[in-house]
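K.L.:
Fold the following, please.
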Amino acid sequence: MCVEAYAAALLDGEGCIFVRNNGRTSQLVIDFKMTDEGPLHLLASRWGNDVLPNGKTTTGRIMYHWMVTGDHALEFLTDVLPWLQGKREQAELGLTWPLWTSGCTLPEYVRGDRQKILLGLRELRALPCQ
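P.N.:
The predicted structure is shown next:
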């Protein structure tokens, strides 16, 4: 199986690309929440991080959560981009995310670039399906 193609299909159908911004810092996030943990374990085995329980649905099924951030998110997007369909534009925008060394003061131009990506991703998610 081509794990990257499978991950692209999961991202198109179940995943989310967004910027988490707490006012002081921001980070690019690839996020999945599903009731079937198997596909998430496959993603975790390829791109790292843990699959964690994340509450229950209204019918009582356990929700599972997997995500990657920062340079791991960029690696994930780079790997799945050739197979993406519905979220291709979001991924291409996400791949422009400027990395910066943790603990260093973030220059204003990097902060501005990150804000543009945040707003662009919000706008793309608001578009109707094509």
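
K.L.:
For Val80, give me its contacts.
P.N.:
Contacts for Val80 (Cβ atoms under 8 Å, 6 or more residues apart in numbering) come out as 4-5, 7-8, 11, 91. From N, CA and C alone the C-beta is placed, and that goes for glycine too.

K.L.:
Just the buried residues of the helix or strand hosting it, please?
P.N.:
Using DSSP states H and E, Val80 maps to helix 70-80. Neighbour-count burial for helix 70-80, counted by 16 or more other Cβ atoms under 10 Å, picks out 73-74, 76-77, 79-80.

K.L.:
Who wins on neighbours among the contacts of Val80?
P.N.:
For the contacts of Val80, counting by other Cβ atoms under 10 Å, the largest number of neighbours falls to Leu11: 27 neighbours.

K.L.:
is it true that it lies in a strand?
P.N.:
No - with DSSP: H, G, I helix; E, B strand; the rest coil as the criterion, Leu11 is helix rather than part of a strand.

K.L.:
quick one: it and Gly60, what's the gap?
P.N.:
Distance, Leu11 to Gly60, by Cβ to Cβ, to the nearest Å: 27 Å.

K.L.:
now do Glu37
P.N.:
Taken as Cβ to Cβ, the span from Glu37 to Gly60 is 15 Å.

K.L.:
Mind checking which of the two has more residues around it?
P.N.:
Between Glu37 and Gly60, counted using other Cβ under 10 Å, Glu37 has the larger neighbour count: 17 against 6.

K.L.:
Quick check: closest non-adjacent residue to that one.
P.N.:
Tyr64 (4.2 Å; Cβ to Cβ, 6 or more residues apart in numbering).

K.L.:
What's the mean pLDDT across the host helix or strand of the one you found?
P.N.:
Using DSSP H and E, the element containing Tyr64 is strand 62-69. Regarding strand 62-69, the rounded mean pLDDT is 97.

K.L.:
Burial check on Ser45, number of neighbours?
P.N.:
Using other Cβ under 10 Å, Ser45 has 10 other residues around it.

K.L.:
Now for it: which residues touch it?
P.N.:
By Cβ under 8 Å, 6+ apart, Ser45 has no neighbours at all.
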